[in-house]
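Asks: mind folding the following:
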Amino acid sequence: MPKIKIDGVEMEVPAGITILQACELAGLEVPRFCYHERLSIAGNCRMCLVEVKPGPPKPQASCALPVADKQEIFTTTPMVTKARKGVMEFLLINHPLDCPICDQGGECDLQDQAMGYGFDRSRFHENKRAVPDKELGPLVKTSMNRCIHCTRCIRFATEVAGVEELGATGRGESMEVTTYVEHALSTELSGNLVDLCPVGALTSKPYAYEARPWELTKTESIDVLDALGSNIRIDTRGAQVMRVLPRMNDDVNEEWISDKTRHAIDGLRYQRLDRPYVRKGGKLVEATWEQAFAAIVNKIGKLEGSKIAAIVGDQCDAESMVALKDLMARLGSPNIDCRQDGAKLDGPRGSYIFNAGIRGIEQADAILLIGTNPRREAPVLNARIRKRYLHGGHTAIGSIGPVADLTYPVEHLGGGPATLAELVEGKHGFFEKLRGAKHPLIIVGMGALAREDGGAVLALARDLADKLGAIRGDWNGFAVLHTAAARVGGLDLGLVPGADGRDVEGILAGCEKGEIAAVYLLAADEIDTKRLGKAFVIYQGHHGDTGAHRADVILPGAAYTEKPGTYVNTEGRVQLAFRAAYPPGEAREDWAVLRALSERLGKTLPYDTLDQVRTRLVAVNHTFAALDQQAAGSWGSFGTPGDASGQPFVLPIKNFYMTCPISRSSRTMAECTASHAQLMAAE
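Replies: You can find the predicted model right below:
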């Protein structure tokens, strides 16, 4: 390890790091605009100048200069101070005085550093340059007069998002950051450009002129719009969610979030269920909680358990799921299922989680995608695969399923289970690439499992993993990529049919035949409600979506921003979300609604507080005691032996921007859908 001196203090630093990184290790703050630890080094803002000896007698850019043994680095000499002030003066030459109206105000790197390194007057008397704004789509607002040419946005779009659509044209004063072809950005990660921009050149279009950062209450939470479990910060003003920003978690989402996670929140304002409803004379009419509970008791209070069923939605917290499970058990019903899409998953924990962990993708040296498009199902995870492709040398990536642009080269192997069977038998050329890998990774998506032969496909994937030696003490390369935030938690809690119980397909078939008389939908909206027949339907949820339209009784629940909750992401990591705002009107937390209903039914659940419910979670599955930890699940026999059909895999997500009641209610997501449709039509 090189030994260096920074401002007279001797220290050892890892070989290969830059001087800027060494200064950070020493606890010194070096100003910067273009440098970002997750992007390639550009070295073009020159703000991070330091003095280095031995070396030329001039300041040097610390972000692009590697450390060397016996270097002496100075960060506060008169030369360095004067150089930084000079750079700041140049940066501000053309920067407009927009601070009072700029959305970046209060969070602006340029604003902050101008306080430390700026001059109190300008020596520039020529006309300022004027740059036309660019149209980047419905999410990113541009004010290009403010751009300081740090190129963070260009590097992010090219390196992380994988869409080479931003670049710089012109030279000197004529340089502009722009799109090569004028159209909206075709990436699901475009909102991160706003976080990266160190000035107000790129701001959030839906959030424009809405609030100032000091007005907002900040709450750390977890995203539930996909199964990744991205760590987020929810900013609220009063009862209204104003924006969602990413929190750093290198094991899950690094510091990125998808556009849906960030911008679907306006859907929380529309089509909300804020009071109970009971259907009378074919129409839903407002009711009190007591009237709604009475209607339920009158209908199911005397029914046999076999005639009652429950289906759990994709965004439910573990507390509400365990409460529903306990209530159904007390009613004597084995008919409960958390797999709305019919995924054939019901085995040891290793059969339904992303065993390698999201961070484990960076170890994989051969990746096989089966029935999944991670760019649509989990864009941030897809960016991690792209990162592995960029930095992993010759990482081989193959795909079985529809052809799709995943932002990295993919070898398309085939369309359905037949190709997977060839791999298991070792007859396909890609098998040798998988077998030659030290850390092969098999990612199975819902496009492969949410079908009638999903059990057979799962068995084939398991056989392939065993044949490749992908399951061993130091590595588990079998990974299931879910699309529902509640799925792993539901499976951990055993929300699958009991003895002689019915799954989702069996429940719907039973409703059609009149064998199921009552169905409890816990925020379940992704089923064919037409098949519910004449069954009495209780819907508990937060939006007036598909399930609520069919309901006979509606119980208003809380959305994920309005309640504390426990969620388990696709890799089996247990994470806690916290309440950022209170639910509207008479809506209540879901577990509390179920607890109150159980009392009216004479089947009182044995918990009265959230802590008691969480104690129950741990009693059902000890996994819930280990927060924010990921480990490979238990391995065993799973899947259904037999021949899979010859039908090609069909991907589960057609429209990335509208996949749940919240995003379907979002006007911003509607604009994104329309913009994406125009982009596809133009191509």
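Asks: alpha carbons only for contacts and neighbour counts from here, please
Replies: OK.
Asks: and the contacts of the strand or helix carrying residue 114?
Replies: Here residue 114, judged by DSSP states H and E, is contained in helix 109-117. With CA atoms under 8 Å, 6 or more residues apart in numbering as the contact definition, helix 109-117 has outside contacts at 31, 33, 81, 84-85, 88, 105, 198-199.
Asks: show me where the stretch 401-550 of the chain has its strands.
Replies: Taking DSSP state E, counting those that start in this stretch, the strands of the stretch 401-550 of the chain run over residues 411-414, 440-445, 471-472, 475-476, 478-481, 518-522, 536-541.
Asks: so for residue 270, which of the ones you listed sits nearest?
Replies: strand 536-541 (13.6 Å; CA to CA).
Asks: just checking: what are the partner strands of that closest one?
Replies: Neighbouring strands of strand 536-541 in its sheet, by DSSP bridges, are strand 518-522 (parallel), strand 553-556 (parallel).
Asks: next, the buried residues of stretch 283-292.
Replies: Neighbour counts using 16 or more other CA atoms under 10 Å place 284, 286-287, 289, 292 of stretch 283-292 among the buried residues.
Asks: hang on, the earlier thing: would TSV of the strands of the stretch 401-550 of the chain with mean pLDDT be doable?
Replies: Formatted as TSV, the strands of the stretch 401-550 of the chain follow (pLDDT from 0 to 100):
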stretch	mean pLDDT
strand 411-414	94
strand 440-445	96
strand 471-472	92
strand 475-476	93
strand 478-481	96
strand 518-522	97
strand 536-541	96
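Asks: of the ones you listed, which is nearest residue 71?
Replies: strand 475-476 (40.7 Å).
Asks: how far does that closest one sit from its chain's centre?
Replies: Counting by CA atoms, centre = their mean, to the nearest Å, strand 475-476 is centred 24 Å from the centre of its parent chain.
Asks: ok, residues contacting that strand?
Replies: 355-356, 439, 470, 632.
Asks: rerun that using 7 Å as the cut-off
Replies: With contacts defined as CA atoms under 7 Å, 6 or more residues apart in numbering, strand 475-476 is touched by 355-356, 470, 632.
Asks: now flag whichever of those residues is closest to residue 546.
Replies: The closest of the contacts of strand 475-476, once distances to residue 546 are taken by CA to CA, is residue 355, at 33.5 Å.
Asks: got the contact list for the residue nearest to the closest one when sequence neighbours are not counted?
Replies: Leaving aside its sequence neighbours, residue 355 sits nearest to residue 632 (CA to CA, 6 or more residues apart in numbering; 4.4 Å). Going by CA under 7 Å, 6+ apart, residue 632 touches 350, 355-356, 476.
Asks: what's the farthest-apart pair in those?
Replies: Between all members of the contacts of residue 632, the farthest pair (by CA to CA) comes out as 350 and 356, at 10.0 Å.
Asks: before we move on, back to that, just confirm the residue nearest to residue 355 is within a strand.
Replies: No - assignment of residue 632 by DSSP: H, G, I helix; E, B strand; the rest coil gives coil, placing it outside any strand.
Asks: quick check: phi and psi at it.
Replies: In terms of degrees, to the nearest 10, the main-chain angles of residue 632 are phi -60, psi 140.
Asks: return the distance of stretch 430-444 from the chain's centre.
Replies: Distance of stretch 430-444 from the chain centroid (CA atoms, centre = their mean) equals 26 Å.
Asks: who touches it?
Replies: 363-372, 423, 468, 470, 477-481.
Asks: do the same with stretch 29-44
Replies: 20, 45, 47-48, 61, 63-64, 150-152, 155-156, 198.
Asks: now that stretch - C-alpha only, PDB.
Replies: Provided in PDB are the C-alpha atoms of stretch 29-44 (Å, rounded to 0.1, in the frame of the first residue of the first chain):
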ATOM      1  CA  GLU A  29     -13.600  17.500   1.700                       C
ATOM      2  CA  VAL A  30     -12.500  18.300  -1.800                       C
ATOM      3  CA  PRO A  31     -15.000  20.200  -3.900                       C
ATOM      4  CA  ARG A  32     -16.100  18.600  -7.200                       C
ATOM      5  CA  PHE A  33     -18.800  18.700  -9.800                       C
ATOM      6  CA  CYS A  34     -18.000  16.200 -12.600                       C
ATOM      7  CA  TYR A  35     -16.700  13.400 -10.300                       C
ATOM      8  CA  HIS A  36     -19.100  10.800  -9.100                       C
ATOM      9  CA  GLU A  37     -18.000   7.500  -7.500                       C
ATOM     10  CA  ARG A  38     -20.300   5.400  -9.700                       C
ATOM     11  CA  LEU A  39     -19.400   7.000 -13.000                       C
ATOM     12  CA  SER A  40     -16.200   7.000 -15.100                       C
ATOM     13  CA  ILE A  41     -13.800   9.800 -14.500                       C
ATOM     14  CA  ALA A  42     -14.200  12.900 -16.800                       C
ATOM     15  CA  GLY A  43     -11.800  15.400 -15.100                       C
ATOM     16  CA  ASN A  44     -13.500  18.300 -16.900                       C
END
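Asks: report the buried residues of it.
Replies: 30-35, 42-44.
Asks: pull the most distant pair out of those residues.
Replies: 30 and 42 (16.0 Å).
Asks: could I get the pLDDT score of residue 56?
Replies: If you check residue 56, the pLDDT there is 88.
Asks: now do the phi/psi pair for it.
Replies: phi -60, psi 150.
Asks: gap between it and residue 78?
Replies: From residue 56 across to residue 78, the span is 16 Å (CA to CA, to the nearest Å).
Asks: can you check residue 231 too?
Replies: Separation of residue 231 from residue 78 (CA to CA) stands at 42 Å.
Asks: more neighbours, the two?
Replies: Set residue 231 next to residue 78 and count neighbours by other CA atoms under 10 Å: residue 231 wins out with 26 against 11.
Asks: where does that one fall, phi/psi-wise?
Replies: Dihedral angles (degrees, to the nearest 10) for residue 231: phi -80, psi 130.
Asks: equivalent analysis for the one 3 residues further on, please.
Replies: Summarising the backbone geometry of residue 234 under the convention degrees, to the nearest 10, its torsions are phi -100, psi 120.
Asks: what about it, neighbour count?
Replies: So residue 234, with other CA under 10 Å, has 27 neighbours.
Asks: neighbours around residue 682, how many?
Replies: There are 8 residues near residue 682, going by other CA under 10 Å.
Asks: wasn't residue 320 part of a strand?
Replies: No - looking at residue 320 with three-state DSSP, it is helix, so not inside a strand.
Asks: go ahead and confirm it touches residue 592.
Replies: No - the pair residue 320 / residue 592 is not scored as a contact, 8.1 Å apart, by CA atoms under 7 Å.
Asks: tell me which of those two has more neighbours.
Replies: Neighbour totals were compared for residue 320 and residue 592, and residue 320 leads with 22 against 19 (other CA under 10 Å).
Asks: name the nearest residue to the more buried one, sequence neighbours excluded.
Replies: Nearest one to residue 320, counting by CA to CA, 6+ apart, is residue 591 at 4.3 Å.
Asks: distance of that neighbour relative to residue 271?
Replies: For residue 591, the distance to residue 271 - CA to CA - is 22 Å.
Asks: please say which of those two ends up with more neighbours.
Replies: residue 591 (25 against 16).
Asks: ok, the more buried one - contacts?
Replies: 319-320, 323.
Asks: cool, residue 118 as well?
Replies: Contacts of residue 118 were listed using CA under 7 Å, 6+ apart, and they are 85, 88-89.
Asks: in strands, which of those fall?
Replies: Within those, no residue falls in strands by DSSP state E.
Asks: just the ones of those residues in helices?
Replies: Within the contacts of residue 118, residues falling in helices by DSSP state H are 85, 88-89.
Asks: specify which member of these is nearest to residue 407.
Replies: Distances from residue 407 to the ones in helices among the contacts of residue 118, taken by CA to CA, are shortest for residue 88, at 36.6 Å.
Asks: and that closest one, how many neighbours?
Replies: Per other CA under 10 Å, the neighbour tally for residue 88 reads 21.
Asks: just the pLDDT for it.
Replies: 93.
Asks: now it: closest residue in space that isn't a chain neighbour?
Replies: residue 118 (5.9 Å).
Asks: what comes into contact with the helix or strand hosting residue 219?
Replies: Element membership of residue 219 [criterion: DSSP H and E] is strand 217-222. Here strand 217-222 makes contact (CA under 7 Å, 6+ apart) with 229-237, 576-578, 580.
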